[in-house]
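Enquirer: give me the fold of what follows.
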Amino acid sequence: MSEQHSPKQQPTASAPAPTPPAASEGPGLTLYGGTGTGRRVTVRDLARAKQAGERWPMLTAYDAMIASVFDDAGIPVLLVGDSAGNNHLGYENTIPVTVDQLVMLTGAVVRGTKRALVVADLPFGSYQVSPAQALETGARFLKEAGAGAVKLEGGVAMVRQVEALVTAGVPVMAHIGLTPQSVNVLGGYRVQGRGDEAAAQLLADAKAMQAAGAFAVVLELVPEELAARVTAQLDIPTVGIGAGAGCDAQVLVWTDMAGLTPGKLPKFVKQYADLRGTLGDAARSFAADVVGGSYPGPEHAFH
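Expert: Next comes the predicted model:
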């Protein structure tokens with residue numbers, strides 16, 4: 001997902017989060033909340049949510065501890081995104097991220113969760129060559145990391161890859177609109193689908209991904225009206241990021257959502273906390289105690 005930033009927003013005050021409704025097995029499953037189902041969320045649950053008109057949240061996660069927090073909060077789908085490159089591994093963008101790196105991070109997220117469906121990004125260069133390459137990479141994420149699904153970027157051009165994965169038993173979430181792995185071809189982080197021709201192509205990409213067997217499609221940096229149109233014409237859920245309120249689900253990079261990302265943030269991000277400030281204050285307080293000699297105190301020592 002895109003990490004190109006626009007002017008920074010201050011954390012937005014929000015009303016207290018509602019108490020998650022109790023979930024139940026079978027058709028009555030509520031995706032958000034309800035951690036006591038005794039099983040993980042599945043792609044079938046997402047299909048049922050689409051039919052029922054139930055919206056759901058998705059967040060990225062890159063390690064077991066953060067993943068466990070979101071799992072306990074009832075977030076039904078966690079994405080181990082190649083955005084780990086920007087937010088976890090210190091790269092400038094997503095391009096350098098390797099399969100081995102994401103397999104390791106995906107395994108950590110799976111081990112840190114009990115309920116969430118864990119979706120792993122297929123990184124740049126690991127699936128575009130051929131359907132066989134895509135299947136080989138996708139199988140690694142299921143076999144070695146325990147992921148429940150994979151995500152890949154691209155529309156019509158990726159039909160054969162998606163078909164190969166799904167036929168072999170690897171669930172696929174598609175990603176169209178702004179596709180960060182293609183940022184060099186797109187000429188930057190720009191809104192996609194503006195104009196009749198571009199809108200028609202995006203709709204065709206979405207329908208092609210559905211026909212190929214994808215269980216959901218991410219729409220990134222797409223005009224709100226077009227995203228709503230795509231959502232209405234698909235039987236599978238759409239997941240918006242910078243695509244307005246008409247999508248079936250919404251996803252954010254967790255460090256953006258929680259106020260940990262430094263610098264400018266994308267226009268579509270809403271911050272729900274100021275973790276960068278909180279952690280900075282904690283680190284300064286710890287340092288002051290050490291320098292001043294008040295930590296460790298008698299209560300922290302052994303005799």
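Enquirer: now do the helices in this structure.
Expert: 43-52, 64-72, 84-87, 99-111, 131-140, 159-167, 183-186, 196-212, 224-233, 254-257, 275-292 (DSSP state H).
Enquirer: would you turn the ones you listed into TSV with mean pLDDT?
Expert: Listed next are these as TSV, based on pLDDT from 0 to 100:
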stretch	mean pLDDT
helix 43-52	95
helix 64-72	97
helix 84-87	93
helix 99-111	98
helix 131-140	98
helix 159-167	98
helix 183-186	57
helix 196-212	97
helix 224-233	97
helix 254-257	98
helix 275-292	98
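Enquirer: any chance of those helices in CSV, with mean neighbour count too?
Expert: Glycine gets a C-beta too; all of them are placed from N, C-alpha and C. As requested, the helices of the chain are exported to CSV (neighbours: other CB atoms under 10 Å):
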stretch, mean neighbour count
helix 43-52, 18
helix 64-72, 18
helix 84-87, 23
helix 99-111, 21
helix 131-140, 19
helix 159-167, 20
helix 183-186, 12
helix 196-212, 18
helix 224-233, 18
helix 254-257, 23
helix 275-292, 11
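Enquirer: distance to residue 150 added to these, as JSON lines?
Expert: As requested, the helices of the chain are exported to JSON lines (distance: least, CB to CB, whole Å):
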{"stretch": "helix 43-52", "distance to residue 150": "12"}
{"stretch": "helix 64-72", "distance to residue 150": "17"}
{"stretch": "helix 84-87", "distance to residue 150": "15"}
{"stretch": "helix 99-111", "distance to residue 150": "9"}
{"stretch": "helix 131-140", "distance to residue 150": "5"}
{"stretch": "helix 159-167", "distance to residue 150": "7"}
{"stretch": "helix 183-186", "distance to residue 150": "20"}
{"stretch": "helix 196-212", "distance to residue 150": "13"}
{"stretch": "helix 224-233", "distance to residue 150": "21"}
{"stretch": "helix 254-257", "distance to residue 150": "19"}
{"stretch": "helix 275-292", "distance to residue 150": "29"}
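Enquirer: would you mind measuring from residue 277 to residue 284?
Expert: As for residue 277, its distance to residue 284 is 11 Å (criterion: CB to CB, to the nearest Å).
Enquirer: and for residue 275?
Expert: Separation of residue 275 from residue 284 (CB to CB): 15 Å.
Enquirer: cool, and residue 167?
Expert: Between residue 167 and residue 284 the distance is 55 Å, computed by CB to CB.
Enquirer: quick check: closest non-adjacent residue to residue 95.
Expert: Leaving aside its sequence neighbours, residue 95 sits nearest to residue 124 (CB to CB, 6 or more residues apart in numbering; 5.1 Å).
Enquirer: doesn't residue 99 make contact with that neighbour?
Expert: No: the criterion here is CB atoms under 8 Å, and residue 124 misses it with residue 99 at 10.1 Å.
Enquirer: report pLDDT for residue 27.
Expert: The model reports residue 27 with a pLDDT of 43.
Enquirer: roughly how far apart are residue 42 and residue 106?
Expert: Distance, residue 42 to residue 106, by CB to CB: 17 Å.
Enquirer: same question, residue 221
Expert: To residue 106, residue 221 is 25 Å away according to CB to CB.
Enquirer: pull the contacting residues for the residue lying closest to residue 126 once chain neighbours are set aside.
Expert: Sequence neighbours aside, residue 137 is the residue nearest to residue 126 in space, at 4.4 Å (criterion: CB to CB, 6+ apart). Counting by CB atoms under 8 Å, 6 or more residues apart in numbering, residue 137 makes contact with 99, 122, 126, 127, 150.
Enquirer: and for residue 165?
Expert: Taking CB under 8 Å, 6+ apart as the criterion, residue 165 is in contact with 131, 134, 135, 138, 150, 171, 172, 213.
Enquirer: in a markdown table, list these along with distance to residue 246.
Expert: Below are the contacts of residue 165 laid out as a markdown table (distance: CB to CB, whole Å):
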| residue | distance to residue 246 |
| --- | --- |
| 131 | 32 |
| 134 | 30 |
| 135 | 33 |
| 138 | 30 |
| 150 | 26 |
| 171 | 24 |
| 172 | 23 |
| 213 | 24 |
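Enquirer: tell me the bridge partners for residue 119.
Expert: Beta-bridge partners recorded for residue 119 (DSSP bridges): residue 79, residue 149.
Enquirer: ok, it touching residue 82?
Expert: No: look at residue 119 against residue 82 with CB under 8 Å: they stay out of range, at 11.7 Å.
Enquirer: report the separation between residue 178 and residue 131.
Expert: Computed as CB to CB, the residue 178 to residue 131 distance reads 24 Å.
Enquirer: oops, could you answer that again for residue 151 instead?
Expert: Distance of residue 151 to residue 131, computed by CB to CB: 16 Å.
Enquirer: alright, I will stop here.
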